[in-house]
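# Here is my input, please return the structure:
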Amino acid sequence: GGATYCWSYSNPTITNCTFTANTATKYGGAIEITWNSDGVVEDCIFTANVANELGGAVIASHTVDITNSTFIGNITNNRGSAIFHSGGYENEISTISNCTISANSSSNNGGAVYCGRNITIDSCAISSNQGGGVYINNDTKDPPFLSNSVICGNDAFQINNNNWVEGENVCLAYSCDDNDQDGMPDKCQEVDEDILYVPSQYSTIQAAINAADTGDTVLVSPGKWMGVGDAVINPMGKSISIESSHGPEVTIIDGLDSMCGIICNSGETNDTIIEGFTITHGYKYGGGGGIFCGSSPPSSPSIIDCIITECSAEIVGGGILITGWVDPLPPTYSPRIIDCVISSNLAQAGGGIACLGGSPEITNCQILDNSADQSNSGQKTGGGVLVGMRSAAIFTDCTISQNSSTEFGGGIGINEWGSPSFFNCT
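Predicted coordinates:
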């Protein structure tokens with residue numbers, strides 16, 4: 001309680017006050033309400049308060065009602081950069097209502113509002129906070145109730161999990177842009193039907209894919225995402241977009257060196273779009289450690305603005321393998337790889353990308369520092385790129401540099417009727 005400390009069965013009512021630039025070495029930069037105390041905070045302003053551990057502005061360990069208040073620019077090094085609420089008794093409900101909570105900062109992705117048990121958030125705007133919007137304790141037995149609120153533009157997540165009860169008119173949007181100036185973020189109009197949010201609505205990317213329908217977008221918040229089985233994610237042939245909200249640098253698909261990053265083996269078309277991820281530590285014995293596009297019918301997803309790095313295969317296509325057998329030849333399927341970086345991947349052949357069939361289009365990509373060098377027997381060729389099996393791959397505006405092979409074709413290897421085209425490449 002940097003400014004006010006309330007404890008031992010106290011019942012403060014704090015109205016029409018401004019708390020600015022207070023500091024607590026542990027909890028509640030402005031106010032701490034604790035030890036079986038209940039509090040009411042009305043019509044207050046909290047700015048630039050700091051708590052080194054929990055509750056940048058306010059921390060309450062019992063019942064609190066916070067109404068018509070503004071929280072801007074408060075900071076914590078842990079959780080609840082504006083408000084930290086750990087919860088009251090079973091039948092006692094706390095409320096946060098008609099509040100504006102914006103531009104607060106949690107250095108530990110602990111959310112602007114930390115919710116324990118028994119809390120209702122109603123008619124609030126929670127936006128543009130660093131370290132997330134609403135953080136909900138996974139273990140809470142009495143999940144929070146949210147209604148009539150806009151939670152948008154928070155950088156790590158809007159809500160960190162799906163352990164909450166949704167009332168009417170809840171908007172979760174990765175952007176607060178309001179181009180039509182109707183007072184509601186443009187993306188709010190898309191939340192309920194077209195966009196499936198990970199992790200606020202679905203705990204994993206694959207769970208959201210399983211629930212998605214044609215034309216839906218699976219929108220993934222920053223974090224490291226793992227999976228089970230033979231791949232982290234499988235689009236299952238659906239014409240959907242799987243996108244990160246904040247780009248590949250902060251949204252990572254990790255195969256843990258034990259499974260493929262992304263498998264497309266159900267006849268995906270160019271309408272299956274995967275955009276804005278780092279795919280790393282993927283592994284698949286035969287090929288396609290990072291991304292595997294194959295099977296029958298062959299798959300043709302669109303991979304856009306991704307980083308495929310430090311993936312491996314024992315045989316072919318450490319980073320990406322495009323393959324599949326169709327009759328008549330030559331095959332006509334065409335995956336698209338656009339604006340990607342394919343780097344530091346390893347296989348016996350085609351360390352970066354192997355095109356074994358089809359007419360894949362690789363555009364504006366950087367293929368760097370990949371290697372054809374595995375210990376098993378077989379020809380080592382195409383450190384950066386391997387094209388074969390009648391593939392008519394098209395490379396446009398690509399950089400293929402600093403790749404290596406212990407035998408042939410450090411940059412590019414072409415065999416078995418491969419007929420690639422290279423336009424304006426370096």
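# mind listing what's buried in stretch 400-407?
400, 403-405, 407 (16 or more other CB atoms under 10 Å). In this view, the C-beta of every residue, glycine as well, is placed from N, C-alpha and C.
# now the end-to-end length of it.
18 Å (CA to CA, to the nearest Å).
# Work out the gap between that stretch and the centre of the chain.
32 Å (CA atoms, centre = their mean, to the nearest Å).
# Stretch 357-365 now?
Distance, stretch centre to chain centre, for stretch 357-365: 26 Å (CA atoms, centre = their mean).
# mean confidence score for that stretch?
Average pLDDT, stretch 357-365: 93.
# what's the answer for stretch 265-278, then?
The predicted model assigns stretch 265-278 a mean pLDDT of 94.
# what about that stretch, distance to the chain center?
The answer for stretch 265-278 is 16 Å, by CA atoms, centre = their mean.
# then it to PDB, C-alphas only?
What follows is stretch 265-278, C-alpha atoms only, in PDB (Å, rounded to 0.1, in the frame of the first residue of the first chain):
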ATOM      1  CA  ASN A 265      -1.500 -34.000 -45.400                       C
ATOM      2  CA  SER A 266      -5.300 -33.700 -46.100                       C
ATOM      3  CA  GLY A 267      -5.400 -32.000 -49.500                       C
ATOM      4  CA  GLU A 268      -5.100 -28.400 -48.200                       C
ATOM      5  CA  THR A 269      -5.400 -25.700 -50.900                       C
ATOM      6  CA  ASN A 270      -4.000 -22.200 -51.100                       C
ATOM      7  CA  ASP A 271      -7.100 -21.200 -49.000                       C
ATOM      8  CA  THR A 272      -5.400 -22.800 -46.000                       C
ATOM      9  CA  ILE A 273      -3.300 -19.900 -44.800                       C
ATOM     10  CA  ILE A 274      -0.600 -20.200 -42.100                       C
ATOM     11  CA  GLU A 275       0.800 -16.700 -41.300                       C
ATOM     12  CA  GLY A 276       3.200 -15.100 -38.800                       C
ATOM     13  CA  PHE A 277       4.800 -17.900 -36.800                       C
ATOM     14  CA  THR A 278       8.300 -19.100 -36.000                       C
END
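# before we move on, back to that, got a markdown table for the buried residues of stretch 400-407, with secondary structure, pLDDT and distance to residue 361 too?
Converted to a markdown table, those look like this (DSSP: H, G, I helix; E, B strand; the rest coil; pLDDT from 0 to 100; distance: CB to CB, whole Å):
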| residue | secondary structure | pLDDT | distance to residue 361 |
| --- | --- | --- | --- |
| 400 | strand | 97 | 15 |
| 403 | coil | 95 | 20 |
| 404 | strand | 93 | 25 |
| 405 | strand | 90 | 24 |
| 407 | coil | 83 | 28 |
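# Kindly reformat these as TSV containing distance to residue 277.
What follows is the buried residues of stretch 400-407, written out as TSV (distance: CB to CB, whole Å):
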residue	distance to residue 277
400	22
403	22
404	26
405	27
407	32
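# Enumerate the positions of stretch 116-132 that are buried.
116-122, 124-132.
# Need the distance between the two termini of it.
Distance across stretch 116-132, first residue to last, is 16 Å (CA to CA).
# ok, now stretch 49-58?
9 Å.
# could you give the mean pLDDT of that stretch?
Rounded mean pLDDT across stretch 49-58 is 94.
# Can you tell me what sits against it?
Applying CB atoms under 8 Å, 6 or more residues apart in numbering, the contact partners of stretch 49-58 are 2-3, 19-33, 41, 46, 59, 64, 66, 71, 74-84, 104-106, 114.
# cutoff 6 Å now
Residues from elsewhere that reach stretch 49-58 (CB atoms under 6 Å, 6 or more residues apart in numbering): 19, 22-31, 46, 71, 74-84, 104.
# and if you look at stretch 131-151?
Counting by CB under 6 Å, 6+ apart, residues outside stretch 131-151 touching it are 79, 105-106, 109-126, 154, 156-161, 163-165, 167-172.
# hmm, which of those are the buried ones?
Buried by 16+ other CB under 10 Å: 79, 105-106, 109-122, 124-126, 154, 156-161, 163-164, 170-172, out of those.
# returning to what we had before: what's the farthest-apart pair in the buried residues of stretch 400-407?
Using CB to CB, the buried residues of stretch 400-407 reach their maximum pairwise distance at 400 and 407, which is 17.7 Å.
# all helices of this structure, in order?
205-211 (DSSP state H).
# got any ranges where it has weak pLDDT?
For the chain, the stretches with pLDDT under 70 are 88-91, 140, 189-193, 296, 325-332, 375-379.
# please redo it, this time with the cut-off set to 50
For the chain, the stretches with pLDDT under 50 are 190-192.
# Just the ones of the buried residues of stretch 116-132 in strands?
Judged by DSSP state E, the buried residues of stretch 116-132 include 119-122, 125-127 as members of strands.
# quick one: which of the residues you listed is nearest to residue 334?
Using CB to CB, those come closest to residue 334 at residue 127, 41.1 Å.
# bridging residues for that closest one?
For residue 127, the beta-bridge partners are residue 102, residue 152 (DSSP bridges).
# can I assume residue 418 is in contact with residue 389?
No. Using CB atoms under 6 Å, residue 418 makes no contact with residue 389, being 7.0 Å away.
# ok, and the closest non-adjacent residue to residue 1?
Leaving aside its chain neighbours, residue 1 sits nearest to residue 32 (3.4 Å; criterion: CB to CB, 6 or more residues apart in numbering).
# Quickly list what that neighbour is bridged to.
residue 5, residue 59.
# give the contact list for it.
1, 5, 59.
# same thing with residue 119?
85, 94, 144.
# Turn these into CSV, columns for distance to residue 290 and neighbour count.
Formatted as CSV, the contacts of residue 119 follow (distance: CB to CB, whole Å; neighbours: other CB atoms under 10 Å):
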residue, distance to residue 290, neighbour count
85, 42, 28
94, 46, 25
144, 38, 25
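# Please flag which of those sit within strands.
85, 94.
# show me what contacts residue 371?
346, 351, 383, 404.
# switch to 8 Å and redo it
Contact analysis of residue 371 by CB under 8 Å, 6+ apart lists 318, 345-346, 351, 383, 403-405.
# How about residue 417?
388-390.
# And residue 186, by the same measure?
173, 175, 177-180.
# same check, this time on residue 285
Each residue near residue 285 by CB under 8 Å, 6+ apart is listed here: 313-315.
# Quick check: the gap between the nearest residue to residue 235 once chain neighbours are set aside and residue 362.
Distance criterion CB to CB, 6+ apart; nearest residue to residue 235, sequence neighbours excluded, is residue 272 at 5.0 Å. Applying CB to CB, to the nearest Å, the value for residue 272 to residue 362 is 17 Å.
# ok, these two, which is more surrounded?
Each of residue 272 and residue 362 has its neighbours counted (other CB atoms under 10 Å); residue 362 has more, 28 against 23.
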